[in-house]
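A.B. asks: my questions concern the predicted model and sequence given below.
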Amino acid sequence: MTFQGRTIIVACWLACLCCGAIASLTPTYLPILASAFSTAEGGVVDPVSLGGISQALFLCGWVAGGVLFGYLADRYGRVRIVGLALLVAIGSMLVSAFVGTHTTYYLVRLSAGIGSGGVMAVATTFVAESLSARSRPLMMGLFANSYAVGIVSTGIMQATGMTYSGAAYVLSSFIVIVGILTLLRPDAPVLHVHSMHGEQQPFLTTLRAHRREIVLASLLFGSMLIGLWSAFTWLPSWVSELAPKESAGSVRGFAMMSLGLGGIIGSVLMGVLVQRIGRIATLTITYGSVLVLSLWLYGTTQTSSQTVLIGLSCLAVFFGMSQGLLSFYIPELFPARIRATCVGVCFNVGRLMTAVAVFNLGTVADFFSGIQQALLCFALIIIIGIAVVPLLRPAKLTM
């Protein structure tokens, strides 16, 4: 691989880090945002409603952005489309620091989700197809932790007392990556940037031939993502309720850092485990462990924020393993001509299901009279992913 190709991969890693931080801004600063909008609007903005709607719209935007930018990447090349999507994400995030009403904030989060979805789908596809089959598990494990590093970064900024607008200003510095991706031109024949051209089978025919893989991959990714985003959106608030009032803010920050650090460790361990026992066996262990840990964390009475943080860290390790593995396993299922489009569909149909689940989590929490019981309800959806794993075919190791 050329120096230019390696530079683009590093830039993609940083772009995904930025998107992880952007995604975690709302849950990390949720009580502060609700208070600020309540003061500005002269009313009461419910944090549960604000968090549920804004994160659901962010995920809906992520769905649209992943599919749209994935198709554009198959048509016009991966790298510059990543830069365009990142520009949309950063611009929307920066605007969110200046909005004065919660309804406007919803619209800006939708736009930020469109950009973030495009970055994650296209950058992941580009990096996965740029690596050899032998190095792909370990290197994609390292690449997948970019998102978790972004989550940790947001937690650190909040824990150190940085305001929402201050965090937005810091993240806006990643706009430099857009310039790097715009100026660099990758080696197209090596990195498959223009892989849509030169293949004989029509695009739609190829797409229809892989319907089974699209459905199974969407269910596999979506079932895990519902549990991940439910925890991601509401666990920081739940943990802060168990902590003393004076330390609630820092506990929320530590909760986000636990999610992120666990994800980083899991994504690295995944690469080692896949090389030893294979992709399907690793998926089985990962999904089964998430189910068992969720039943313990959400299904038993928790009275200590420290206990929840420990359980959350363990859960995050397996979340990280699943996201790292799926980030290259799903692209391996499809030929280059339709790869970015199919990855965009699979990743983002799952996110659409997740958006519906996260949007309704507040309603389910009211029905069960608590966030913990609602989290347990949504965690059980991981059973769908466990049922899908035996139906999967071995992925193509050469892309």
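C.D. replies: Thanks, I have the structure now. Numbering: from 1, shown residues only.

A.B. asks: isn't Cys19 right up against Val149?
C.D. replies: No. Counting by CB atoms under 8 Å, Cys19 stays clear of Val149, with 11.0 Å between them. Heads up, the C-betas are built off the backbone N, CA and C, glycines and all.

A.B. asks: which one's more surrounded, the two?
C.D. replies: Cys19 (30 against 20; other CB atoms under 10 Å).

A.B. asks: just the pLDDT at that one, thanks.
C.D. replies: At Cys19, the pLDDT value in this model is 93.

A.B. asks: for Glu241, same thing?
C.D. replies: 68.

A.B. asks: may I see the buried residues of the helix or strand encompassing Gly311?
C.D. replies: Following DSSP states H and E, one finds Gly311 within helix 305-332. By 16 or more other CB atoms under 10 Å, the buried positions in helix 305-332 come out as 305, 308-309, 311-332.

A.B. asks: packing partners of that helix?
C.D. replies: Secondary-structure packing of helix 305-332 (3 or more CB pairs under 8 Å, 6 or more residues apart in numbering; DSSP states H and E): helix 102-130, helix 136-159, helix 211-242, helix 248-277, helix 279-299, helix 339-368.

A.B. asks: and the closest residue to Leu291 other than its chain neighbours, how far from Leu295?
C.D. replies: Setting aside the residues directly before and after it, Leu291 is nearest to Ile382 in space (CB to CB, 6 or more residues apart in numbering), at 4.9 Å. Going from Ile382 to Leu295 by CB to CB, to the nearest Å gives 10 Å.

A.B. asks: which one of these two has more residues nearby?
C.D. replies: The residue with more neighbours, out of Ile382 and Leu295, is Ile382; 24 against 14, by other CB under 10 Å.

A.B. asks: and Val308, how far is that from Phe254?
C.D. replies: Counting by CB to CB, the gap from Val308 to Phe254 is 11 Å.

A.B. asks: got it, and Ala374?
C.D. replies: Going from Ala374 to Phe254 by CB to CB gives 22 Å.

A.B. asks: likewise for Cys346?
C.D. replies: Counting by CB to CB, the gap from Cys346 to Phe254 is 33 Å.

A.B. asks: how far away from the center of its chain is the helix or strand hosting Gln372?
C.D. replies: Element membership for Gln372 (DSSP H and E) is helix 371-379. Distance, stretch centre to chain centre, for helix 371-379: 20 Å (CA atoms, centre = their mean, to the nearest Å).

A.B. asks: with stretch 329-340 instead?
C.D. replies: The answer for stretch 329-340 is 19 Å, by CA atoms, centre = their mean.

A.B. asks: tell me the mean pLDDT over that stretch?
C.D. replies: What stretch 329-340 shows for mean pLDDT is 82.

A.B. asks: and for stretch 55-64?
C.D. replies: For stretch 55-64, the per-residue pLDDT averages 86.

A.B. asks: stretch 165-183 too?
C.D. replies: 90.

A.B. asks: what about that stretch, start to end distance?
C.D. replies: Stretch 165-183 has an end-to-end distance of 29 Å (criterion: CA to CA, to the nearest Å).

A.B. asks: number the residues from 415 up from this point.
C.D. replies: New numbering, starting at 415: the last item is stretch 579-597.

A.B. asks: Phe540 contacts Ile495, correct?
C.D. replies: No. Phe540 is beyond contact range of Ile495, at 9.1 Å (criterion: CB under 8 Å).

A.B. asks: okay, and the common contacts of those two?
C.D. replies: Taking CB atoms under 8 Å, 6 or more residues apart in numbering as the contact rule, Phe540 and Ile495 both touch Ala487.

A.B. asks: show the pLDDT at the closest residue to Gly734 other than its chain neighbours.
C.D. replies: Nearest residue to Gly734, sequence neighbours excluded (CB to CB, 6+ apart): Gly680, at 2.7 Å. We have a pLDDT of 88 for Gly680.

A.B. asks: distance of Gly680 relative to Gln786?
C.D. replies: From Gly680 to Gln786 the distance is 23 Å (CB to CB).

A.B. asks: equivalent analysis for Gly636, please.
C.D. replies: Gly636 is 23 Å from Gln786, by CB to CB.

A.B. asks: and the longest helix for the protein?
C.D. replies: Secondary structure of the chain read by DSSP state H shows that its longest helix is helix 417-455.

A.B. asks: list the buried ones in that one?
C.D. replies: Buried residues in helix 417-455 (16+ other CB under 10 Å): 419, 422-423, 425-445, 447-448, 450-452.

A.B. asks: now stretch 561-577
C.D. replies: 561-573, 576.

A.B. asks: make a markdown table out of these and add distance to Cys756 and pLDDT.
C.D. replies: Shown next, in a markdown table, are those (distance: CB to CB, whole Å; pLDDT from 0 to 100):
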| residue | distance to Cys756 | pLDDT |
| --- | --- | --- |
| Tyr561 | 20 | 83 |
| Ala562 | 24 | 78 |
| Val563 | 27 | 85 |
| Gly564 | 25 | 88 |
| Ile565 | 26 | 83 |
| Val566 | 30 | 82 |
| Ser567 | 30 | 89 |
| Thr568 | 30 | 89 |
| Gly569 | 33 | 83 |
| Ile570 | 35 | 87 |
| Met571 | 35 | 90 |
| Gln572 | 36 | 85 |
| Ala573 | 39 | 80 |
| Met576 | 39 | 90 |
